[in-house]
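Peer 1: need coordinates for the below:
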Amino acid sequence: MNAYDRNLANEPGLAHLHYDDGEYAVLKPGRFVLCAVTGAKIPLEDLRYWNPVTQEAYAGPEQALKRWQELNPTDSKA
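Peer 2: Residues are numbered from 1 along each chain as shown. Have a look, this model is predicted:
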């Protein structure tokens with residue numbers, strides 16, 4: 001199943017996905033997911049950034065980088 005299946009295009013509301021490397025599986029059909037950083041709605045057809053380890057979606061590269069930096073802080077004492 002993917003975002004372009006007919007039955008997904010007609011489902012309103014929040015989708016639930018399982019994120020893998022390079023693809024995702026739809027667990028509950030819907031039109032959008034929420035950005036883990038901003039809370040913005042991301043239409044499934046626009047979803048390009050996610051983290052399979054944390055199972056989070058991101059609205060764009062800036063949000064993905066921000067979350068990566070939060071999860072991987074640098075040692076400021078060096």
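
Peer 1: which ones are touching residue 48?
Peer 2: Residues counted as contacts of residue 48 (Cβ atoms under 8 Å, 6 or more residues apart in numbering) are residue 60. Yep, even glycine has a C-beta here, placed from its N, CA and C like the rest.

Peer 1: I misspoke; the intended subject was residue 27.
Peer 2: By Cβ under 8 Å, 6+ apart, residue 27 lies in contact with 16-18.

Peer 1: which stretches in this structure count as strands?
Peer 2: 16-19, 24-28, 32-34, 41-43, 49-51, 56-58 (DSSP state E).

Peer 1: centroid-nearest residue for the protein?
Peer 2: Among the residues of the chain, the one closest to the centroid is residue 57, at 1.7 Å (Cα atoms, centre = their mean).

Peer 1: beta partners of that one?
Peer 2: When bridges are called by DSSP bridges, residue 57 pairs up with residue 35, residue 50.

Peer 1: how close does it get to residue 71?
Peer 2: 15 Å (Cβ to Cβ, to the nearest Å).

Peer 1: what sits closest to residue 71 if chain neighbours are left out?
Peer 2: Of all residues not flanking residue 71 in the chain, residue 54 sits nearest, at 7.1 Å (Cβ to Cβ, 6 or more residues apart in numbering).

Peer 1: what pLDDT does the one you found get?
Peer 2: If you check residue 54, the pLDDT there is 97.

Peer 1: so residue 52 sits against residue 25, correct?
Peer 2: No: the criterion here is Cβ atoms under 8 Å, and residue 52 misses it with residue 25 at 10.9 Å.

Peer 1: kind regards, and thank you for your time.
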